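Asks: sequence unknown, structure follows:
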DNA sequence: CTGTTAGCGCCTTCAG
DNA sequence: CTGAAGGCGCTAACAG
């Protein structure tokens, strides 16, 4: 009755008596007792790679909100710990502290995933696609990068470079594919050295930019695969006295408040990350309920946020 | 025995048999069953104001690591939800999902805290001081800001302004006090309009900077109470054509990777946040154990990270 | 319509 | 040294 179960029929008077008593005593059902009985925890776990990067905040928020409104509590674990300890996921899933896991970490080793799958434990990969291991929910990275490149082409650029991500990150591979597609469609060549690899961090974006600047035939525009790397690339251009957007236009991938406060303010592609997170939660909950469910690509269109770092070629 | 309890005596042979069987079956004790019996959850909750800001990442990581090595799992909740729902903390503490709460949110309303205290539920305020309500663990904000101002004075500045935080944030009040102390000690005046209030966000730092630039007798240096506000302030100076550090030196508060990639790279005061987080966990665990425990200020010295945004006055 | 009870998985205690 | 039993708080099923 305390759960407003409609199948329990009570005289209104008694019902009232019980409910006020409960309120007065400040009664709250004990989650463990309930969990033990119902064989469910009302808790979802989320493994996230790096809390420091603002892009992840959108994902976390979206997931948390969706989880909460579905009556779940979200348990957040830092991927570093998760992977390093190699033990943490067992603490969560095998000890049955959570009903399922959202894994947003690109770093999580495949063996761990296979282990989870073998145990039949429900999990959803968020912002990451791995075939034949379980449902994945991703945004359309390919399309997002095409949007960035098409925008630069629209401004009149023809020498467009890419600071892409590491080949072992599937998001990076899809963004690279999007870049290639857009370039090919416009009939533009991709000169040798125009695709540089960079890890997520600012420092790696800085290094990558320096490589581009050292090219004999430098690009007039560059798309960067992450926001942090773009910040680093901006700093590198600055350090080498390259005027942006005068001599070089730049577009970053993913949007966050800081993008508007870099110098110059960074044009970015905003992806539907919150929606992706919400959908992930939805998927996980249905998976827990026993539904058989496939992978999802969020179809909501990415949005180009135009700021000061991009303009026509010199 | 599965917990290596030394009080349980077993024949080595039997012990071995049990342990290998457990391993083979991949046995894991169910956290709920155990929790129900032991009246403990091995879980700590943490309420954090904004996951998007990189400064909080240090706090979360430090806490998570400390919790994990003490055998606890950390349950992270976004403060927005926490406060908005007003219900979330009940989900955690009253339903006894967690043994105690780390509250790192300045926004959490006092009534909520009093409510927790009234219920006798263990919690620790992190990076926030409220008297007479429970233990707090903070860094020495006052000293940190003194370090920033002393550094600027050492460079030869005499007209030093402060972009401070909102008066209802106690960290902001302490940083303001540190600014005043350092200025007074050096015998420097604080002209009218030299202390401007700004919320945490970049946009507010931008606005605050514009106010300073409009002053008839503009400062040659400014200390900014947050990293995000400093990024905004930098952008404002840039927009108004004010050369940094040529015409104006700037020092931010708290350090994160992005600080090194702003234009110009931002000089900051790095505070011992990880240590604060670790200490908070320690405090909470002792509180849970029934120890009576007071507030703590982390004494580790703040560190000035000198970058390109500061130099001698014009 | 109400009150009682079994049993979820664990740990501890007590009997064998 | 080993096995059995009780009870943590809850819910669902069942007896009154």
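Replies: Yep, that arrived. In this text the structure is predicted, and so the values were computed from the model without any measurement. Numbers count the residues shown, from 1 in each chain, chains lettered A, B, ... in the order given.
Asks: Looking at strand pairing, list the partners for residue A:48.
Replies: Counting by DSSP bridges, residue A:48 is bridged to residue A:78.
Asks: so it makes contact with residue A:74?
Replies: No. Using CB atoms under 8 Å, residue A:48 is not in contact with residue A:74; the gap is 10.5 Å. Glycine gets a C-beta too; all of them are placed from N, C-alpha and C.
Asks: pLDDT below threshold where in chain A?
Replies: A:1-19, A:22, A:24-25, A:79-91, A:107-109 (pLDDT under 70).
Asks: so what's the residue positioned nearest the centre of it up against?
Replies: Ranked by distance to the mean C-alpha position of chain A (CA atoms, centre = their mean), the top residue is residue A:127 at 4.7 Å. Neighbouring residues of residue A:127 by CB atoms under 8 Å, 6 or more residues apart in numbering or on different chains: A:59, A:104, A:106, A:137-139, A:171, A:273, A:276.
Asks: And the strands in the stretch 201-314 of chain A?
Replies: Using DSSP state E, counting those that start in this stretch, the strands found in the stretch 201-314 of chain A span residues A:221-224, A:249-253, A:267-270, A:296-298, A:303-305.
Asks: Give me whichever of the ones you listed is most buried.
Replies: Neighbour counts (mean count of other CB atoms under 10 Å in any protein chain shown) averaged over each of the strands of the stretch 201-314 of chain A peak at strand A:221-224, with a mean of 30.
Asks: How about that one and chain B, any contact?
Replies: No. Using CB under 8 Å from any CB of the partner chain, strand A:221-224 stays clear of chain B, coming no nearer than 12.5 Å.
Asks: which helices and strands sit right next to that strand?
Replies: helix A:141-154, strand A:160-164, helix A:202-213, helix A:227-239, strand A:249-253 (3 or more CB pairs under 8 Å, 6 or more residues apart in numbering or on different chains; DSSP states H and E).
Asks: Reformat the ones you listed as JSON lines; add distance to residue B:292.
Replies: Listed next are the helices and strands packed on strand A:221-224 as JSON lines, based on distance: least, CB to CB, whole Å:
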{"stretch": "helix A:141-154", "distance to residue B:292": "54"}
{"stretch": "strand A:160-164", "distance to residue B:292": "55"}
{"stretch": "helix A:202-213", "distance to residue B:292": "45"}
{"stretch": "helix A:227-239", "distance to residue B:292": "44"}
{"stretch": "strand A:249-253", "distance to residue B:292": "51"}
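Asks: To DNA strand C, which of those lies closest?
Replies: helix A:141-154 (41.5 Å; CB to the nearest atom of the strand).
Asks: So for stretch A:101-114, what gets flagged as buried?
Replies: A:101-108, A:112-113 (16 or more other CB atoms under 10 Å in any protein chain shown).
Asks: which one of the residues you listed is nearest residue A:188?
Replies: residue A:106 (29.5 Å; CB to CB).
Asks: Distance of residue A:54 relative to residue B:258?
Replies: Noted for residue A:54: a distance of 9 Å to residue B:258, by CB to CB, to the nearest Å.
Asks: Could you tell me which residues touch both of those two?
Replies: Counting by CB under 8 Å, 6+ apart, the common neighbours of residue A:54 and residue B:258 are A:258, B:54.
Asks: on that earlier part again, include distance to DNA strand D when you put the strands of the stretch 201-314 of chain A into CSV, please.
Replies: Formatted as CSV, these follow (distance: least, CB to the nearest atom of the strand, whole Å):
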stretch, distance to DNA strand D
strand A:221-224, 51
strand A:249-253, 45
strand A:267-270, 42
strand A:296-298, 31
strand A:303-305, 44
